[in-house]
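Participant: Sharing a model that was predicted from the sequence below.
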Amino acid sequence: MNCKGTFLLSAAGILVACQGEPRLVYVPSTEPEVELLVRASATEVSVGEPVVLYAERRSRGEWKQVEKSSLTSEQCWLGRPPPTQEREVSDNLRWEALPAERARFNTVYRDDHTREVVFLEPGTFTLESSSAVWCRPNKARGQPIEILVREKTKSGATNP
């Protein structure tokens, strides 16, 4: 990090504060586009059975490097262009189940950046995903995923 130090003396010692604002930044030179590729580990499950959600984010668009001082305060910029491909970003997306409030997300923390959802009652559910797009007010949306949730029988088998 390029740091201009400001030194402050105190009874506890010397404190160093860094100015973290970059001199050069990236701005979009074409309209940024984001595509979400989403899928589920299963499309038919029993009540309470976890479904693992997977997502890949692909970004397109040209970025150019400029002096940050040349930008207006409203202008969007990044410290570096976004990656063109992010292989697993499910834990970085907004997920919604329809009908609402009958599904529970993130029941278990997952190191692999996937997400888990458990359905609390039988029915047909639609999972929708969305992601912010750098320097655009719109969100990227993945294709909806439909999940059929069947009731568990007392023996543990599912009812058709």
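Facilitator: Yep, it's here.

Participant: what about this structure, any weak spots by pLDDT?
Facilitator: Under the criterion pLDDT under 70, the flagged ranges of the chain are 1-19, 154-160.

Participant: Would you point out which residue is most central in it?
Facilitator: Asn92 (2.2 Å; CA atoms, centre = their mean).

Participant: dump the residue contacts of that one.
Facilitator: 57, 86, 113, 131 (CB atoms under 8 Å, 6 or more residues apart in numbering). In this view, the C-beta of every residue, glycine as well, is placed from N, C-alpha and C.

Participant: List the contacts of Phe105.
Facilitator: 95, 97, 115-117.

Participant: Quick check: it vs Phe119, distance?
Facilitator: 11 Å (CB to CB, to the nearest Å).

Participant: who touches both of these two?
Facilitator: Ala97.

Participant: For stretch 48-66, list every residue counted as buried.
Facilitator: 51-57, 59, 61, 63 (16 or more other CB atoms under 10 Å).

Participant: for these, which one is nearest Gly20?
Facilitator: Trp63 (20.3 Å; CB to CB).

Participant: Isn't the closest one up against Gly79?
Facilitator: No: between Trp63 and Gly79 there is no contact under CB atoms under 8 Å: 11.0 Å.

Participant: How many neighbouring residues does the residue lying closest to Gly79 once chain neighbours are set aside have?
Facilitator: Counting by CB to CB, 6 or more residues apart in numbering, Gly79 lies nearest to Pro22, which is 5.5 Å off, once chain neighbours are set aside. For Pro22, the neighbour count with other CB atoms under 10 Å is 15.

Participant: Asp112 too?
Facilitator: 10.

Participant: same thing with Ala42?
Facilitator: Around Ala42 there are 12 residues (other CB under 10 Å).
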